[in-house]
Each structure stands twice: as C-alpha cells, then as structure tokens.
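**Q** Pasting the sequence and the predicted model now:
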Amino acid sequence: MALESRLRDVENRLELACSRSGRRREDVRIIAVTKYVSTAAAEAVVRQGVTHIGENRWPDAKAKWEALQGQAVFHYIGSLQTNKAKDVVGKFAYIHSLDRESLAEAIQKRAQALELSVPCLLQVNVSGEQSKHGLEPEAVRPFLEKLRKFDRIKPIGLMTMAPHYSDPEETRPVFRALKQLKEELNASSVSDEPLTELSMGMSNDFEVAVEEGATWVRLGTVLVGKEEFKEG
C-alpha cells in the first residue's frame, strides 16, 4: 500500500476512535516511527504532513535528523543509555523514556551545558513484563518528587508499551491504568505542572489507546511500512 493510502487509512481509524470516545481528533498526534526505514522514506512521511518523527537509536537517526532539521520534530522513544544522553539532548525535542535517576542526571548535565529545558515523559512498565523497561507504577510518584531537583527536566507526561496481543482489545487495561495513574498524580500535585501527555499505542493497538486517552500514538509499520522502504 502506498504511503498516501496508509496515511488516509490511519486518519480514518483515528477519526473513528476519537468519535467512539468523544474526543477531538486534534487532541491526538501521530509520531511516525521511522527506525526501520530509510532517510528518503522519512522525508516522504514529512512531505505528507506527519512532522513528528520517532527514533530509538542515535546512530540510526543521525542521517534523518540531519536531512530533516527545521522540517520535523524528533522524539526519542527507545530506552536511553545514560552515556548516550549527550547525543540525544539538544537534538530530540522530546524524550519518552525517562525511567531512572542516573539518566535524569545525565540529561540535566547536558541540558545545562546547552542552556535548554528538556520535555520528558516517564516510561512506566504497566504490564509488569520483565522484557520491558520503565518504572513500576508505584515508583512513579517518588521518582517525580526526585525530579524536582533537576531544573532542566520538564516532566510532561507518561509513556508505556502494552504487550503485543492478537486481539488489541486485551491491551485496554494497560492503557486505562496509565491514564488513571496520570490523573492520580495530577490530583496529588506531585509535579510542579500537570502532566498532560500520554504516549501509548502502536500499530497493533493505537485505536484502543486513543479510546483510553492517548495524546501521542507511535506508528511504524501501519503508517510508514517496512519492506518497501528498505534501503538498498
């Protein structure tokens, strides 16, 4: 399927998911996950108007970032090693995977050097899978309290990855729990500013995530494809 057709299909599905849940389409934004495709494919996505790009490794993202500076907003969506924070801060507008104090220290150090503030989402392992990174839900509030001392880090929301089920409906409890956690944290005023973002939902389950409150959906195969965009 051509990129234009994929995008139309995704837009139709987003519209329906928003309608079912009484939400406005403009409250849900797409991050095109381009880690498996070429720079040319990423450029094609941006030309179609999807200007938020998600990558999870700097070496893979470098050529795309250089080609699309000023045209796209980059989101770091993978687990971030502490010693790689220097490569990411200042290039990626958002970091979706803050989950430990050592990483916060590394982000803070680089952000101070660059004199900027870094919007971050806290990664939460709602499902409890050992294969997934992230804070346990009960650890999020104390971690937010620790983040108060990092003046260059701006917590704006939460991120999670649901297990991959053949029936997307089975992911609903995971997404619902993340939204409930965000609401509980905001009610407790643990953060200086309310958490507004929920980064959840991927190609297999984004409609359920939207129905449960996602503000960012991270779409790879369903949007940009994979095989037809491989380099070589």
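**A** Thanks, I have it.
**Q** ranges for the helices of the chain?
**A** 3-21, 39-47, 58-68, 85-88, 101-114, 140-147, 172-188, 206-211, 221-224 (DSSP state H).
**Q** Switch the ones you listed over to TSV, and while doing so, append mean neighbour count, mean pLDDT and distance to residue 156 to every line.
**A** In short, each C-beta sits where N, CA and C put it, glycine included. Output for the helices of the chain, formatted as TSV (neighbours: other C-beta atoms under 10 Å; pLDDT from 0 to 100; distance: least, C-beta to C-beta, whole Å):
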stretch	mean neighbour count	mean pLDDT	distance to residue 156
helix 3-21	15	97	21
helix 39-47	19	96	23
helix 58-68	16	96	21
helix 85-88	20	96	16
helix 101-114	17	98	14
helix 140-147	16	97	11
helix 172-188	17	98	11
helix 206-211	25	98	17
helix 221-224	21	92	23
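**Q** Please identify which of the ones you listed is closest to residue 155.
**A** helix 140-147 (5.8 Å; C-beta to C-beta).
**Q** Show me what that closest one is packed up against.
**A** Counting contacts by 3 or more C-beta pairs under 8 Å, 6 or more residues apart in numbering; DSSP states H and E, helix 140-147 is packed against helix 101-114, strand 118-123, strand 153-159, helix 172-188.
**Q** ok, and what's touching the second one?
**A** Applying C-beta atoms under 8 Å, 6 or more residues apart in numbering, the set of residues contacting strand 118-123 from outside is 79, 89, 93-99, 107, 111, 133-135, 140, 143-144, 152-160, 197, 199.
**Q** rerun at 6 Å
**A** The contact list for strand 118-123 (C-beta atoms under 6 Å, 6 or more residues apart in numbering) reads 89, 94-99, 107, 111, 133-134, 140, 153-159, 197, 199.
**Q** Repeat that for stretch 91-109.
**A** For stretch 91-109, contacts defined as C-beta under 6 Å, 6+ apart pick out 65, 73-77, 79-80, 82, 85, 89, 118-123, 133-135, 146, 150, 152-153, 159, 199.
**Q** measure that stretch end to end?
**A** Counting by C-alpha to C-alpha, to the nearest Å, you get 15 Å between the two ends of stretch 91-109.
**Q** Run the chain-centre distance for it.
**A** 13 Å (C-alpha atoms, centre = their mean, to the nearest Å).
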